[in-house]
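Peer 1: fold the stuff below for me.
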Amino acid sequence: MEFQEELGYSLSKNEVKYITTVKRKKHIVDLYYTKQNINIDELELQASEVESVTWLTREEIEEFIDNKEFHKNHGILFHELIKYLD
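Peer 2: Numbers count the residues shown, from 1 in each chain. Sure, this is the predicted structure:
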């Protein structure tokens, strides 16, 4: 899975749930959900694919969406994601 390649973190298929795919002109974004206790400081980011990783609360995600602080397609993805946070 992409987690291992891009974040240096292993997850089995039964630990993740597929949510949606957004197709853009130059790439495809697949969104998955997992509930894990991950120390993001220990991740090994693939520099060509991942710029940074951060934790956001549900409220922070909703605020970013409302304020259009996410790229439009990312806002759509995160809007889908918060359905799984309840």
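Peer 1: and for residue 64, the neighbour number?
Peer 2: Residue 64 sits with 15 neighbouring residues when counted by other Cβ atoms under 10 Å. C-beta here means a position set from N, CA and C on the backbone, and glycine is covered the same way.
Peer 1: likewise for the one 5 residues further on?
Peer 2: Here the number of neighbours of residue 69 (other Cβ under 10 Å) works out to 12.
Peer 1: now the one 5 residues further on
Peer 2: Counted by other Cβ under 10 Å, the residues lying close to residue 74 total 15.
Peer 1: what's in contact with the helix or strand harbouring it?
Peer 2: Here residue 74, judged by DSSP states H and E, is contained in helix 72-81. Counting contacts by Cβ atoms under 8 Å, 6 or more residues apart in numbering, the residues outside helix 72-81 that touch it are 19, 20, 22, 24, 29, 31, 33, 61, 64, 65, 68, 70.
Peer 1: this completes my enquiry, with thanks.
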